[in-house]
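Asker: Sequence and predicted model, in that order:
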Amino acid sequence: MLSHISLGVRDLARSVSFYDAVLAPLGQLQVWSSEKGVGYGAPGGPDRLALFHRPDTHPAGAGFHLAIFAPSEDAVRAFHAAALAQGGSDEGAPGPRPQYGESYFAAFVLDPDGHKLEVKVQR
């Protein structure tokens with residue numbers, strides 16, 4: 001249903017460093033870049049996530065988060081570790097989430113601008 005999602009970021013260079021690091025374990029990379037933004041997706045594919053420099057941006061309110069599929073539990077762990085190393089904030093360590101499903105394994109972080117991200121794999 002969704003084509004892509006765009007997020008405003010206050011510091012594009014800082015956000016690019018963050019997203020380069022956290023999306024790599026998920027097999028996602030930059031598929032385009034310009035002075036105003038960067039797009040991420042699968043190699044050779046279209047962008048699924050775009051970041052645009054917006055100095056006055058604010059994260060979406062309570063209840064919103066961006067959920068991204070991971071290929072494995074190790075990728076979820078690598079995403080979480082990279083997020084914390086790049087200045088993200090922990091919102092839920094990698095682990096099972098039985099309240100969401102018997103085979104649900106996820107981690108939650110805030111990016112440097114406060115956007116809430118979930119990375120999950122369903123076993």
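Answerer: Cool, got the structure. This is a predicted model, so every value here is computed, not measured.

Asker: all strands for the protein, in order.
Answerer: Under the criterion DSSP state E, the chain contains strands at 5-9, 29-33, 37-41, 49-53, 66-69, 89-96, 104-110, 116-122.

Asker: Nearest to residue 80, out of the ones you listed?
Answerer: Closest approach to residue 80 among these (CB to CB): strand 104-110, 4.0 Å. In this view, the C-beta of every residue, glycine as well, is placed from N, C-alpha and C.

Asker: List the neighbouring strands of that closest one plus their orientation.
Answerer: strand 89-96 (antiparallel), strand 116-122 (antiparallel) (DSSP bridges).

Asker: Could you tell me the angle between the last one and strand 49-53?
Answerer: Right, strand 116-122. On the basis of axes from the mean of the first three to the mean of the last three CA atoms, to 10 degrees, strand 116-122 is oriented at 170 degrees to strand 49-53.

Asker: ok so, going back, now the strands of the chain as CSV including mean pLDDT and mean neighbour count?
Answerer: Below are the strands of the chain laid out as CSV (pLDDT from 0 to 100; neighbours: other CB atoms under 10 Å):
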stretch, mean pLDDT, mean neighbour count
strand 5-9, 96, 17
strand 29-33, 96, 15
strand 37-41, 97, 21
strand 49-53, 97, 19
strand 66-69, 95, 14
strand 89-96, 97, 14
strand 104-110, 97, 21
strand 116-122, 93, 20
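
Asker: Can I get those strands in CSV including distance to residue 20?
Answerer: Output for the strands of the chain, formatted as CSV (distance: least, CB to CB, whole Å):
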stretch, distance to residue 20
strand 5-9, 13
strand 29-33, 7
strand 37-41, 9
strand 49-53, 11
strand 66-69, 14
strand 89-96, 18
strand 104-110, 15
strand 116-122, 14
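
Asker: on that earlier part again, between the strands paired with strand 104-110, which one is closest to residue 108.
Answerer: strand 89-96 (3.5 Å).

Asker: Go ahead and name everything in contact with that closest one.
Answerer: Outside strand 89-96, the residues that touch it by CB atoms under 8 Å, 6 or more residues apart in numbering are 73, 76-77, 80, 84, 104-110, 116, 118.
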